[in-house]
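Asks: the following block contains a protein sequence and its predicted model.
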Amino acid sequence: MGEGAAIAGLGMTELGRVYGRSPRRLAADAVRRAVTDAGLGLADLDGLVVSHGLGGSPGIELADTMGLRDLRVLTVMNSFGATAGAMVAYAAMSVISGAASAVACVFADAPLRPRQSSGSAYQRDAREWYGFGGMTAALGFRDVNTPYALAARRHMNRYGTTSEQLGAIAVSTRQWAVMNPLAQMREPMTLADHQNSRWVAEPLHLLDCCLVSNGAIAVVVTGADRARDLARPPVHIWGWGQGHPGHSKERGSEFGLTTGAAVSGPTAMKMAGVTAQDVDICQLYDCYTYTVLVSLEDYGFCAKGEGGAFAASGALGPGGALPTNTGGGQLSAYYMWGMTPLSEAVIQARGDGGERQVAKNDVVLVSGNGGILDHHSTLIVSPHRKGA
Amino acid sequence: MRRDGRTDPFFDGAAADRLVIRRCERCDRWYAPDHGGCSGCGDEELSWAEATGEATLVTWAVKHGRPAGDGTAPPPAHLALVELAEGPWLHARLDGVNASALREGLPLRASFVHPDEGESYLLFRPA
Ligand SMILES: [Zn+2]
């Protein structure tokens, strides 16, 4: 029981404009790749935890599709963008408690259709709108960009955060993506490129917004002792946490100013026995540049309200004090919900980052963010055993 | 826009230029017209009551439509969170504003549009 849990395998399908495979098929492919990566066979899995996109597939029938037998853990989990961290925490608890010994966690989604824009994949549309909610949608609230723009504007009003500071995050993230062969966007980007990109929902430019991708990513979690004897270097899971602030939509709400990271972060760091000063690398959920900025504040990497100045200081890019989203994140690499930051954390903790590998990788923080800043998860992972 | 059977009193009010929203009498708390139940006491049978229509601006976004092939784009929409005098926030569309004059706390007032076809709907204009 004292050994802890580790990520032993990572499996990624082709990501991006990948057509012709259903989310279920993509999920199965990612699980097989993760199992193979770990040096295991499918028959070694006794746990499967599934996360799907807004399309609702796959579910737990994935186990049957894949012919998995005699599982001891099988479930769907959903806290939207915070799910990946929650899945890995549940898998870790399963192996530490003895409920299971090798648990695959998978996310798959295929919202993109051929000849369709990325933006329309997350936009609601209807021929007729019904009721008060329908009225609000008809008047313009039918995408995800607008509520995040409202949040970003509130932060700007309160703290003086600027579009150029958000742009610094887009630029540093792209600097990392240029070095990642898996990234969808590898053309260098300047702050002027960011500023000149079209408005999506002011104060958000197009280059403040993440990509949309089809694909699947899976990890396999085992006990740390077992992981040591498998094919790849173990990535030890030191701590986890969640935060669901439940900001009400009424007078006094903190919407846009703070996130669940303020609760999730301390929970995970306390469990891991670290503080923000000990974190070497951040992999932060970056559906928007703004999400990174506000998360950095809530994790305590800078004071509340100073996320913009911190980002603009160059801290997040290659050679910076806090290398962040070192694979290019969701903004420039691939959008697999919480599996985007998690997969890059595994790559960095293993030392597999190639040209973009960060030398000091002892403590890696991974975040997930779901809904409109409604849900948050944190993982702390490391190449080393906790306390070793 | 059509009624949905659950928020009809809002549209009855809108037709008469009155802002009708949800209210928990027991807790003296007001809610948006599509709010599920009272967060204070758990009552799921919120009543309908007329709000003053006075509000202030919390935050806003200017939504730009995707440009068409010929480079033209639909006019931008000023979308906002507004705080009603009674406390609740509404997702709302602003009318008669220009982006450079928007600021947190800007006084607003509910305003209703009565199209020939479909239900009356709500906008907020500078007070
Ligand atoms: Zn009540």
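Replies: Nice, I can see it. Fair warning: this is a prediction, and the values are worked out from it, not measured in the lab.
Asks: now A:S343: closest residue in space that isn't a chain neighbour?
Replies: Counting by C-beta to C-beta, 6 or more residues apart in numbering or on different chains, the nearest residue to A:S343 once its immediate chain neighbours are dropped is A:I217, at 5.2 Å. (C-beta placed from N, C-alpha, C; glycine too.)
Asks: list the beta-bridge partners for that neighbour.
Replies: A:M12, A:F107 (DSSP bridges).
Asks: cross-check the contact I'm expecting between it and A:M336.
Replies: Yes - counting by C-beta atoms under 8 Å, A:M336 is a contact partner of A:I217 at 4.9 Å.
Asks: higher neighbour count, the two?
Replies: Between A:I217 and A:M336, A:I217 has the larger neighbour count (other C-beta atoms under 10 Å in any protein chain shown), namely 30 against 27.
Asks: give me every residue that touches that one.
Replies: The contact partners of A:I217, taken as C-beta atoms under 8 Å, 6 or more residues apart in numbering or on different chains, are A:10-13, A:15, A:30, A:106-107, A:336, A:339-340, A:342-343.
Asks: from A:L182, how far off is the residue nearest to A:S343?
Replies: 11 Å (C-beta to C-beta, to the nearest Å).
Asks: same thing with A:T161?
Replies: 30 Å.
Asks: those two: who's more crowded?
Replies: A:T161 (26 against 17).
Asks: quick check: phi and psi on the residue nearest to that one when sequence neighbours are not counted?
Replies: Among residues not flanking A:T161 along the chain, A:G308 sits closest, at 4.1 Å (C-beta to C-beta, 6+ apart). Main-chain dihedrals, A:G308, degrees, to the nearest 10: phi -60, psi -50.
Asks: also A:G47?
Replies: phi -150, psi 140.
Asks: tell me the spacing between it and A:V35.
Replies: For A:G47 relative to A:V35 (C-beta to C-beta), the value is 12 Å.
Asks: overlap in contacts of the two?
Replies: Common neighbours of A:G47 and A:V35 (C-beta under 8 Å, 6+ apart) are A:A104.
Asks: pull out the buried positions in the helix or strand where A:K270 lies.
Replies: For A:K270, the host element (DSSP states H and E) is helix A:261-272. For helix A:261-272, burial by neighbour count (16 or more other C-beta atoms under 10 Å in any protein chain shown) applies to A:261-269, A:271-272.
Asks: that helix: how far from the chain's middle?
Replies: 16 Å (C-alpha atoms, centre = their mean, to the nearest Å).
Asks: mean confidence (pLDDT) on whichever helix or strand comes after it, please.
Replies: The first helix or strand that comes after helix A:261-272 along the chain, using DSSP H and E, is strand A:281-283. When pLDDT is averaged along strand A:281-283, the result is 98.
Asks: angle of the following helix or strand past strand A:281-283 against helix A:261-272?
Replies: Under the assignment DSSP H and E, the closest C-terminal helix or strand after strand A:281-283 is helix A:289-298. If you take axes from the mean of the first three to the mean of the last three C-alpha atoms, to 10 degrees, helix A:289-298 sits at 50 degrees to helix A:261-272.
Asks: CA atoms of helix A:289-298 as CSV?
Replies: Taking Å, rounded to 0.1, in the frame of the first residue of the first chain, the C-alpha atoms of helix A:289-298 are listed here in CSV:
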residue,chain,number,x,y,z
THR,A,289,-4.9,32.2,-23.0
TYR,A,290,-6.9,33.8,-20.2
THR,A,291,-7.4,30.4,-18.6
VAL,A,292,-3.7,30.0,-18.2
LEU,A,293,-3.3,33.5,-16.8
VAL,A,294,-6.0,33.1,-14.1
SER,A,295,-4.8,29.6,-13.2
LEU,A,296,-1.2,30.8,-12.6
GLU,A,297,-2.6,33.3,-10.1
ASP,A,298,-4.8,30.8,-8.3
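Asks: distance of the residue nearest to A:S343 relative to A:V103?
Replies: 15 Å.
Asks: shared neighbours, A:I217 and A:L182?
Replies: A:12, A:15.
Asks: ok, now which ones touch A:V31?
Replies: Per C-beta under 8 Å, 6+ apart, neighbours of A:V31: A:11, A:42, A:45, A:48, A:62, A:66, A:104, A:106, A:218.
Asks: helices of the stretch 201-350 of chain A, start to end?
Replies: A:224-228, A:261-272, A:289-298, A:307-312, A:339-350 (DSSP state H, counting those that start in this stretch).
Asks: need those helices in JSON lines with distance to the ion and mean pLDDT, can you?
Replies: Converted to JSON lines, the helices of the stretch 201-350 of chain A look like this (distance: least, C-beta to the ion, whole Å; pLDDT from 0 to 100):
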{"stretch": "helix A:224-228", "distance to the ion": "49", "mean pLDDT": "96"}
{"stretch": "helix A:261-272", "distance to the ion": "26", "mean pLDDT": "98"}
{"stretch": "helix A:289-298", "distance to the ion": "31", "mean pLDDT": "98"}
{"stretch": "helix A:307-312", "distance to the ion": "36", "mean pLDDT": "98"}
{"stretch": "helix A:339-350", "distance to the ion": "39", "mean pLDDT": "98"}
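Asks: in CSV: the ones you listed, plus distance to A:V363.
Replies: Formatted as CSV, the helices of the stretch 201-350 of chain A follow (distance: least, C-beta to C-beta, whole Å):
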stretch, distance to A:V363
helix A:224-228, 16
helix A:261-272, 8
helix A:289-298, 16
helix A:307-312, 19
helix A:339-350, 9
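Asks: quick one: which of those is nearest A:V200?
Replies: Of all these, helix A:289-298 sits nearest to A:V200, with 11.8 Å by C-beta to C-beta.
Asks: ok, residue 124 - contacts?
Replies: Picked chain A for this. A:R124 touches A:137, A:142-143, counting by C-beta under 8 Å, 6+ apart.
Asks: hm, I was asking about chain B
Replies: B:55, B:80, B:82, B:92-95, B:108-111.
Asks: rerun at 7 Å
Replies: B:55, B:82, B:92, B:94, B:108-111 (C-beta atoms under 7 Å, 6 or more residues apart in numbering or on different chains).
Asks: check A:L379 too.
Replies: A:85, A:88, A:237, A:240, A:268, A:366.
Asks: would you list the phi and psi of it?
Replies: Per degrees, to the nearest 10, the backbone of A:L379 is at phi -130, psi 140.
Asks: what do you get for B:H35?
Replies: Per degrees, to the nearest 10, the backbone of B:H35 is at phi -70, psi 140.
Asks: out of the buried residues of helix A:261-272, flag the one nearest to A:L230.
Replies: So of the buried residues of helix A:261-272, ranked by how close each gets to A:L230 (C-beta to C-beta), first place is A:A272, at 22.5 Å.
Asks: now that closest one. Nearest residue, chain neighbours left out?
Replies: Using C-beta to C-beta, 6+ apart, the closest residue to A:A272 is A:G239 (3.1 Å).
Asks: next, the buried residues of stretch A:99-117.
Replies: So for stretch A:99-117, counting by 16+ other C-beta under 10 Å, buried means A:100-112.
Asks: what sits against the closest residue to A:G338 other than its chain neighbours?
Replies: Leaving aside its chain neighbours, A:G338 sits nearest to A:A84 (2.8 Å; criterion: C-beta to C-beta, 6+ apart). Applying C-beta under 7 Å, 6+ apart to A:A84 gives the contacts A:51, A:107, A:337-339, A:342, A:368.
Asks: what's the ChimeraX syntax to select whichever of those residues are buried?
Replies: Entered in ChimeraX, the line below selects the buried ones among these, by 16+ other C-beta under 10 Å:
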select /A:51,107,337,338,339,342,368
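Asks: can I get the contacts of A:A84 in CSV with distance to B:H64?
Replies: As requested, the contacts of A:A84 are arranged in CSV below (distance: C-beta to C-beta, whole Å):
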residue, distance to B:H64
A:S51, 32
A:F107, 31
A:W337, 26
A:G338, 29
A:M339, 30
A:L342, 33
A:G368, 29
